[in-house]
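[1] Mind looking at a prediction? Sequence and model below.
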Amino acid sequence: MSKMTIGVISDTHGLVRPEIFDIFAKVDLIIHAGDIGNPRVLSDLNAIAPVKAVLGNMDFAYSLPKLKLAESFELLGHKIYLIHNRLHLTADPVAEGISLVIFGHTHIPYLQRVNGVVYFNPGSAGPKRPGKPIAAGIITLAPDAVEARHIMLGP
């Protein structure tokens, strides 16, 4: 595989919005950055594509026993670090050769490249919170590139 499309979602808090099924319809993988809220969310997402996920501060390990607080994995030669709250990041992304850090928690979409590392928060795709957008993200990986973008959802 020379290119991979990843749907990125976070802070669903038990809600999978109907438009997610269309937005993620052609992705190769879905990454959920925590605050899942209900195991059914992962089942619904897994019906679209395989899912990687971590626990958020509002998730309970007993209802999602296979999930960790952080996960590191490799795709197309890129080391990816997944955690719910970026402030709990203990890895040194540059020193450890991490290309992409995916996180959630703030409910605010975020994209920044620092010292060659892409930091991406898709924002919250869950229930509407005052003053915060509803969003998800798409990441396109190629062996020599990481491209990320936000997709704004419903009202």
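    Good, I have the coordinates. Please read these numbers as outputs of a predicted model, since none were measured by experiment.
[2] what about the chain, any weak spots by pLDDT?
    By pLDDT under 70, the low-scoring segments of the chain are 155.
[3] For the longest helix seen in the chain, enumerate the helices and strands it packs against.
    Among the elements of the chain assigned as helix by DSSP state H, the one spanning the most residues is helix 39-46. Here helix 39-46 touches strand 29-32, strand 51-53, going by 3 or more Cβ pairs under 8 Å, 6 or more residues apart in numbering; DSSP states H and E. Backbone N, C-alpha and C define where each C-beta goes, glycine included.
[4] what would those look like in JSON lines with mean neighbour count and distance to Lys128?
    Output for the helices and strands packed on helix 39-46, formatted as JSON lines (neighbours: other Cβ atoms under 10 Å; distance: least, Cβ to Cβ, whole Å):
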{"stretch": "strand 29-32", "mean neighbour count": "24", "distance to Lys128": "19"}
{"stretch": "strand 51-53", "mean neighbour count": "21", "distance to Lys128": "22"}
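[5] Nearest to Gln112 among those would be which one?
    Of all the helices and strands packed on helix 39-46, the one in closest proximity to Gln112, counting by Cβ to Cβ, is strand 29-32 (17.7 Å).
[6] Other residues contacting the closest one?
    Residues from elsewhere that reach strand 29-32, judged by Cβ atoms under 8 Å, 6 or more residues apart in numbering: 4-10, 12, 24, 41-42, 45-46, 48-54, 75, 82, 102, 139.
[7] Please apply the same query to stretch 147-155.
    The set of residues that contact stretch 147-155 without belonging to it, under Cβ under 8 Å, 6+ apart, is 8, 17, 19-20, 23, 100, 109, 111, 118, 120, 122-123, 125, 128, 133-141.
[8] And that stretch, what's buried?
    Across stretch 147-155, burial judged by 16 or more other Cβ atoms under 10 Å covers 148, 150-151, 153.
[9] what do you get for stretch 44-53?
    44-45, 48-49, 51-53.
[10] Please list the members of the contacts of stretch 147-155 that lie in helices.
    Among those, the ones falling in helices (DSSP H) are 19-20, 23.
[11] Could you tell me which of those residues count as buried?
    20, 23.
[12] which of the ones in helices among the contacts of stretch 147-155 lies closest to Gly37?
    Within the ones in helices among the contacts of stretch 147-155, the smallest distance to Gly37 is 14.0 Å, found for Ile20 (Cβ to Cβ).
[13] Tell me who's in contact with that closest one.
    The neighbours of Ile20, taking Cβ under 8 Å, 6+ apart as the test, are 7, 9, 45, 48, 125, 136, 153.
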